[in-house]
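Student: model this:
(2 chains)
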Protein chains: 2
Amino acid sequence: MTHPTVRISDIGQYLGQTVTIRGWLYNKRSSGKLQFLQVRDGSNIVQCVIFKGDVSEDLFNAADKLSQESSLIVTGVVKEDKRSPLGFELGVSDLQILHVPAHEYPISPKDHGIAFLLDHRHLWLRSKRQNAILKIRSELIKAIRDYFDQKDFVCLDAPIFTPNACEGTSTLFETDYFGDKAYLTQSGQLYMEAGAMAFGKVYCFGPTFRAEKSKTRRHLTEFWMVEPEVAFMNIEEDMALAENFLQEVVGRVLETKKEELEILERDTKFLQNTIKGNFPRVSYTDAVAQLQKLGSDIKWGDDFGGDDETILTKEYDRPIIVHHFPTAFKAFYMKENQHDPKVCESMDILAPEGYGEIIGGGERETSLETLEKKIKEHDLPKEAFEWYLDLRKYGSVPHAGFGLGLERLVTWVCGLHHVRETIPFPRMMERLKP
Amino acid sequence: MTHPTVRISDIGQYLGQTVTIRGWLYNKRSSGKLQFLQVRDGSNIVQCVIFKGDVSEDLFNAADKLSQESSLIVTGVVKEDKRSPLGFELGVSDLQILHVPAHEYPISPKDHGIAFLLDHRHLWLRSKRQNAILKIRSELIKAIRDYFDQKDFVCLDAPIFTPNACEGTSTLFETDYFGDKAYLTQSGQLYMEAGAMAFGKVYCFGPTFRAEKSKTRRHLTEFWMVEPEVAFMNIEEDMALAENFLQEVVGRVLETKKEELEILERDTKFLQNTIKGNFPRVSYTDAVAQLQKLGSDIKWGDDFGGDDETILTKEYDRPIIVHHFPTAFKAFYMKENQHDPKVCESMDILAPEGYGEIIGGGERETSLETLEKKIKEHDLPKEAFEWYLDLRKYGSVPHAGFGLGLERLVTWVCGLHHVRETIPFPRMMERLKP
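Tutor: Residues are numbered from 1 along each chain as shown, chains lettered A, B, ... in the order given. So this is what the prediction gives:
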């Protein structure tokens, strides 16, 4: 007789019935006539209890010899088990052993160094904690896309290969392109501006690259970024959009990934605050004054260092929006404030708990003449921007947008120390494998 | 008095009311006391009718001088207009002109060469046809992700930078990686196999790269691929999954993108057939015999050429699944058929109407020994696959998956001749701009 084959996460629907699950041995213990197999299938972990009297002696002995990550097909009756997080266990009636590893599984419950774990990333993904982080990442990806799709944005993939090294080549990865040089994109924004003029509201969400010789806990060479851009949107609306967006995606994880957040032992207080009410808005000028009071040696006109972001965000119980940064250190396309051109219509959202910047955005310059002047001032090659300037030649309109770094968001939501665990196969300055 | 600012696609909800829309002049004509402005805002196009008696003379004259792609804010009453595809028009009461291009818009309704249009891709996106194609692409992206998300797959992004040139470097883009060499991914499959062992069901959906010196209408150097991979799945289930998946995503477009398909003048007969009933399953061996009858000089053991795919698919009124290809020309990881090792557990889905392959997949080899032998036979560097072999050392299980090329799918669904219009900023051998 065959029984329904189900995923572990669904077995609660089969209480009292016999089902088959397929997976891998995560852990086990035995006590005389009983063996307790913790079996994982990627959806969850269930305890499978083998009672000596219920199966053949051969099978009982074979089960006793199973090692970690043996692959199994287990059939049994679904029973309530209030002590387990899942709430259910399986009373085993049959067990099919597919593959018993000949060697000991390299990742044991004991502590391993981070280099060892990253070398074994293809296996480390199987651990409870990594599983939880990457499921939260997957849910955030879906929440991000749902947010923009439901608001009728068109998903417009930005190109990865870009022809010109717009702002110096020092942090760009370069490749030979049939005899020419191509650079890997650092941002899809300029392309999204073209998209906003064609579709009104667009976003791109793809990998971006930065060849920074930087080994901080916030840097990856390859990371995913979502970049919405909207025609006829100003900086105020941009801040409101980014705030609402962040509240929605954080809210989704709080709602659907409770179990994963528990596995990570995440204190969700700040995440709960995030989804209620507005984010404090602090002008750059006020933020600098506040930082000086808190002991920073920052001066007006300096960009925030990572330390400044940490100090500042620890003063708040939810994300904050810092706006109107000095024009001088922002990109050439940022629109100057009409009352005070020393500052521009820019904004960053800083995550609380010391996490710092996760969103950066602003309103873009609309005037052809001003942009041409800025390109000159920034010493950029004008021919590289001819196509971009076309957007101001033919029906220029106010527009704004922002970029959110996915891995920084996951790091904060999961409460992690380092960004490297937030992407399936991290790429860093000294890490290109596996 | 301010009126609600709405998107053109929504104005039907405001029949009889005064609304404001914001967009660009797509086309216009006038007849004495009336001017008809076709205004687009990215969501749709609406006819705005200006009656001389309803606005000031200055405004009427200014409207008369508007050129294509002038940016506008138009206020007016929503009226029924059964002759227009939208079903509504706007009786203008006020018009604000934001920007009138100083130069003639380069893309006029007259015919342009493809090179000119691709050079102006950033503007060409605004045309009705390109807008329709890329909205269908956006909907397909969403349908693809929804399909896997709803089936509880984890979205697991594959890395773009890969350390080893697994199968020769001739079609790989290479970059300097802090003194090492890195290659841009051609497929996330091997990484998805690691993911399937960790999460049960995973998919990646991201850009992939091929440095082919090929100028056919089916080739891009940068294109997006979705690759699901499932533990405990065999080739039969893989074919069923791919079939159901393709039916769902094509069904979604037929349901939600009727207007766009009409703009493209797409005959949807074959798409309608696709979502009904099963796809014919044809073994490679039978397909070769059929092709020979149809006049092809293909011999058993040859891979299909593009022409063979065209000839074969024209014999069917919906997609077909060709399965059990010769082991010899498939990748090393393909599982051999246990009854006939000359063929392997592989399958391709070929789109009808001559479009050819859009999906390729199969069941993967599970035996460590067989894989080691294959890697040797294929003359591949074993050290590059050590991590991959780990997946067979620790709890090897049957598993399968497939890959679908997004741009080939969009090409077929839209009924296009060339793949270049199916991605916002196409990259081809001789095209890296804008």
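Student: what's the local residue count around the nearest residue to A:L261 once chain neighbours are set aside?
Tutor: Leaving aside its chain neighbours, A:L261 sits nearest to A:T268 (6.0 Å; criterion: C-beta to C-beta, 6 or more residues apart in numbering or on different chains). Just so you know, the C-beta spots here come from the backbone N, C-alpha and C atoms, and that holds for glycine as well. Using other C-beta atoms under 10 Å in any protein chain shown, A:T268 has 16 other residues around it.
Student: now do A:T268 against chain B, distance only.
Tutor: 22 Å (C-beta to the nearest C-beta, to the nearest Å).
Student: how close does that residue get to B:F209?
Tutor: 40 Å (C-beta to C-beta, to the nearest Å).
Student: send me stretch A:406-414 as PDB with only the CA atoms.
Tutor: Written as PDB, here are the backbone C-alpha positions of stretch A:406-414 (Å, rounded to 0.1, in the frame of the first residue of the first chain):
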ATOM      1  CA  LEU A 406      19.200  43.200  -0.500                       C
ATOM      2  CA  GLU A 407      22.000  41.700   1.600                       C
ATOM      3  CA  ARG A 408      22.200  44.600   3.900                       C
ATOM      4  CA  LEU A 409      18.400  44.300   4.500                       C
ATOM      5  CA  VAL A 410      18.700  40.600   5.200                       C
ATOM      6  CA  THR A 411      21.600  41.200   7.600                       C
ATOM      7  CA  TRP A 412      19.500  43.700   9.600                       C
ATOM      8  CA  VAL A 413      16.300  41.700   9.500                       C
ATOM      9  CA  CYS A 414      18.100  38.600  10.600                       C
END
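Student: ok, residues contacting it?
Tutor: Here stretch A:406-414 makes contact (C-beta atoms under 8 Å, 6 or more residues apart in numbering or on different chains) with A:132-133, A:136-137, A:140-141, A:144, A:218, A:220, A:223-226, A:249-250, A:253, A:261, A:264, A:266, A:271, A:351, A:353, A:355, A:357-358, A:416, A:418-419, A:421-423.
Student: show me these that map onto helices.
Tutor: The helices, defined by DSSP state H, take in A:132-133, A:136-137, A:140-141, A:144, A:249-250, A:253, A:261, A:271 from those.
Student: avg pLDDT for the lengthiest strand in chain A?
Tutor: Using DSSP state E, we find that the single longest strand of chain A is strand A:18-31. Regarding strand A:18-31, the rounded mean pLDDT is 96.
Student: list the contacts for A:K52?
Tutor: A:K52 sits in contact with A:32-34, A:60, where contact means C-beta under 8 Å, 6+ apart.
Student: can you tell me which of the residues you listed has the most neighbours?
Tutor: A:F60 (20 neighbours).
Student: gap between the two ends of stretch A:106-118?
Tutor: 12 Å (C-alpha to C-alpha, to the nearest Å).
Student: same question for stretch A:211-225.
Tutor: First-to-last residue span, stretch A:211-225, C-alpha to C-alpha: 16 Å.
Student: how far does stretch A:326-345 sit from its chain's centre?
Tutor: 29 Å (C-alpha atoms, centre = their mean, to the nearest Å).
Student: how about that stretch: buried residues?
Tutor: Under the neighbour-count criterion of 16 or more other C-beta atoms under 10 Å in any protein chain shown, stretch A:326-345 has A:326-327, A:330-337, A:343-345 buried.
Student: closest to A:V19 among the residues you listed?
Tutor: A:A331 (56.6 Å; C-beta to C-beta).
Student: close to chain B, is stretch A:12-26?
Tutor: Yes - using C-beta under 8 Å from any C-beta of the partner chain, stretch A:12-26 reaches chain B at A:22-25.
Student: which of those residues are buried?
Tutor: For the residues of stretch A:12-26 next to chain B, buried by 16+ other C-beta under 10 Å: A:22-25.
Student: what's the closest of the residues you listed to A:D54?
Tutor: Of those, the one sitting nearest to A:D54 (C-beta to C-beta) turns out to be A:L25, at 18.4 Å.
Student: hey, where'd the helices end up in the stretch 151-300 of chain A?
Tutor: A:189-199, A:235-256, A:258-263, A:269-274, A:284-293 (DSSP state H, counting those that start in this stretch).
Student: redo those as TSV? Include mean pLDDT.
Tutor: What follows is the helices of the stretch 151-300 of chain A, written out as TSV (pLDDT from 0 to 100):
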stretch	mean pLDDT
helix A:189-199	98
helix A:235-256	98
helix A:258-263	97
helix A:269-274	98
helix A:284-293	97
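Student: pLDDT at the closest residue in space to A:S214 that isn't next to it in sequence, what is it?
Tutor: Leaving aside its chain neighbours, A:S214 sits nearest to A:M429 (6.9 Å; criterion: C-beta to C-beta, 6+ apart). The model reports A:M429 with a pLDDT of 94.
Student: likewise the one 5 residues further on?
Tutor: Turning to A:P434, the model gives it a pLDDT of 94.
Student: for the closest residue to it other than its chain neighbours, what are its contacts?
Tutor: Counting by C-beta to C-beta, 6+ apart, A:P434 lies nearest to B:W387, which is 3.7 Å off, once chain neighbours are set aside. With contacts defined as C-beta under 8 Å, 6+ apart, the neighbours of B:W387 are A:120, A:122, A:433-434, B:194.
Student: among the residues you listed, who's most crowded?
Tutor: B:A194 leads these on contacts (other C-beta under 10 Å) with 26 neighbours.
Student: could you measure it against A:N278, distance?
Tutor: On the measure of C-beta to C-beta, B:A194 and A:N278 end up 42 Å apart.
Student: which ones are touching the residue of the stretch 151-300 of chain A found nearest chain B?
Tutor: The nearest approach of the stretch 151-300 of chain A to chain B comes at A:G200, 3.0 Å away (C-beta to the nearest C-beta). Taking C-beta under 8 Å, 6+ apart, we find A:G200 in contact with A:230-232, B:7, B:23, B:41-43.
Student: quick one: it from B:D10, how far?
Tutor: Taken as C-beta to C-beta, the span from A:G200 to B:D10 is 12 Å.
Student: mutual contacts of the two, please.
Tutor: Counting by C-beta under 8 Å, 6+ apart, the residues touching both A:G200 and B:D10 are B:S43.
Student: can you name the residues of the stretch 151-300 of chain A that neighbour chain B?
Tutor: Neighbours of chain B within the stretch 151-300 of chain A, by C-beta under 8 Å from any C-beta: A:152, A:154-163, A:173-178, A:180, A:182, A:184, A:191, A:194-201, A:206-207, A:209, A:211, A:213, A:221-222, A:224, A:231-232.
Student: give me the buried subset of those residues.
Tutor: Using 16+ other C-beta under 10 Å, the buried ones in those are A:154-163, A:173, A:175, A:177, A:182, A:184, A:191, A:194-201, A:206-207, A:209, A:211, A:221-222, A:224, A:231-232.
Student: just the ones of these in strands?
Tutor: Per DSSP E, the subset of these in strands is A:154-155, A:161-162, A:175, A:177, A:182, A:184, A:201, A:206-207, A:209, A:222, A:224, A:231.
Student: quick check, nearest of those residues to A:L404?
Tutor: For these, the nearest to A:L404 is A:W224 (9.5 Å; C-beta to C-beta).
Student: quick check: pLDDT value at that closest one.
Tutor: 98.
Student: what about the residue lying closest to it once chain neighbours are set aside, how many residues nearby?
Tutor: Counting by C-beta to C-beta, 6+ apart, A:W224 lies nearest to A:L406, which is 4.1 Å off, once chain neighbours are set aside. Neighbour count of A:L406, defined by other C-beta under 10 Å: 22.
Student: fine by me, we can end here.
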